[in-house]
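Trainee: Here's a sequence, model it:
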Amino acid sequence: MLFDRVKELSEQRGENIKNVAVKLGFSENAFYKWKNQSPKSETLEKVADYFNVSVDYLLGRTDIKELPDNKVQNIAAHHDGDEWTEEELEEIEEFKRFVAMRRKARQQKGE
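Mentor: Take a look at the predicted model:
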């Protein structure tokens with residue numbers, strides 16, 4: 001799934017998967033290795049940032065490709081005026097993903 005997603009995203013940009021790997025500072029065959037071994041989380045984040053998608057999308061955990069354009073930061077900024085830690089922002093993001101998955105499940109059931 002991971003390799004397929006990266007390949008698809010590369011093709012959508014009109015780029016060769018080997019060239020994308022090199023642009024990101026990986027070996028030419030880095031993505032092909034992902035067919036048999038899992039990359040480090042930092043590597044996944046770098047690829048997700050390059051394609052402007054979530055790590056969850058790359059891993060096939062969601063089909064939602066578009067990132068929320070910092071909506072989490074905007075939502076969090078309007079609550080109590082407190083500064084939010086990165087961990088708290090990630091928890092908010094995880095909750096958003098949970099709600100989105102629940103909505104999708106309801107839609108599939110026809111609710």
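Trainee: and stretch 23-38, how far apart are its ends?
Mentor: One end of stretch 23-38 to the other measures 20 Å (Cα to Cα, to the nearest Å).
Trainee: buried set for it?
Mentor: Neighbour-count burial for stretch 23-38, with 16 or more other Cβ atoms under 10 Å as criterion, is recorded at Phe26, Ala30, Phe31, Trp34. From N, CA and C alone the C-beta is placed, and that goes for glycine too.
Trainee: as a whole number, average confidence for it?
Mentor: The predicted model assigns stretch 23-38 a mean pLDDT of 93.
Trainee: Touching it from outside, list them.
Mentor: Outside stretch 23-38, the residues that touch it by Cβ atoms under 8 Å, 6 or more residues apart in numbering are 2-3, 6-7, 17-18, 20-22, 39, 43, 46-47, 50.
Trainee: can you rerun that using 7 Å?
Mentor: If you take Cβ atoms under 7 Å, 6 or more residues apart in numbering as the criterion, stretch 23-38 is touched by Leu2, Phe3, Val6, Ile17, Lys18, Ala21, Val22, Lys46, Val47, Tyr50.
Trainee: Tell me the spatial nearest neighbour of the last one, not counting adjacent residues.
Mentor: Same thing as Tyr50. Leu24 (6.0 Å; Cβ to Cβ, 6 or more residues apart in numbering).
Trainee: Where do the helices of the chain begin and end?
Mentor: Under the criterion DSSP state H, the chain contains helices at 2-12, 17-23, 30-33, 41-51, 55-59, 71-77, 86-109.
Trainee: can I get these in TSV with distance to Lys65?
Mentor: Formatted as TSV, the helices of the chain follow (distance: least, Cβ to Cβ, whole Å):
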stretch	distance to Lys65
helix 2-12	8
helix 17-23	16
helix 30-33	18
helix 41-51	9
helix 55-59	5
helix 71-77	15
helix 86-109	13
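Trainee: Which of those comes out lowest on mean pLDDT?
Mentor: Note on the helices of the chain: lowest mean pLDDT is at helix 71-77, with a mean of 54.
Trainee: State the pLDDT value of the most centrally placed residue in the chain.
Mentor: Geometric centre of the chain, nearest residue: Ser54, 1.2 Å, by Cα atoms, centre = their mean. Per-residue pLDDT puts Ser54 at 89.
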